[in-house]
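A.B. asks: Requesting a structural model of the entry that follows:
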Amino acid sequence: MEKQQGNFAGACAGLNDVSRGEIIILEKFQEKYADKFTPGQLTWFMRNRARNGLSKSGAVILSARKFYINERLFTKWFASQKA
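C.D. replies: Next up, the predicted model:
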């Protein structure tokens, strides 16, 4: 009997597509950009994502109580913030 491949690979095929941006877990994002954002800043961004437009930007995915960040969309959102 031949083992059937699950549909998981097909469902997630486009997740790291360059046009959509790299999607990484929040903890890895914090490590990668530690020179730009403090953990407190990122926590504030996540807690206030509905008010600050981060949710609407599509840069944040909340799944299974974990945050995932689309780097390209996060950068676009961050650059659009006004002082």
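
A.B. asks: Count residues in the vicinity of Phe67, would you?
C.D. replies: Other residues lying near Phe67 total 17 when counted by other CB atoms under 10 Å. Backbone N, C-alpha and C define where each C-beta goes, glycine included.

A.B. asks: Over to Phe45?
C.D. replies: The burial metric for Phe45, expressed as a neighbour count using other CB under 10 Å, is 21.

A.B. asks: Am I right that it is in contact with Gly53?
C.D. replies: No - the criterion here is CB atoms under 8 Å, and Phe45 misses it with Gly53 at 10.2 Å.

A.B. asks: Need the residues touching each of those two.
C.D. replies: Between them, Phe45 and Gly53 share no contacting residue under CB atoms under 8 Å, 6 or more residues apart in numbering.

A.B. asks: Low-confidence stretches in this protein?
C.D. replies: Applying pLDDT under 70 to the chain picks out residues 1-21.

A.B. asks: Spatially central residue in the chain, please.
C.D. replies: The structure's the chain has its C-alpha centroid closest to Ile69; by CA atoms, centre = their mean the separation is 1.0 Å.

A.B. asks: how about the nearest residue to that one, chain neighbours excluded?
C.D. replies: Closest residue to Ile69 apart from its sequence neighbours, by CB to CB, 6 or more residues apart in numbering: Phe29 at 4.5 Å.
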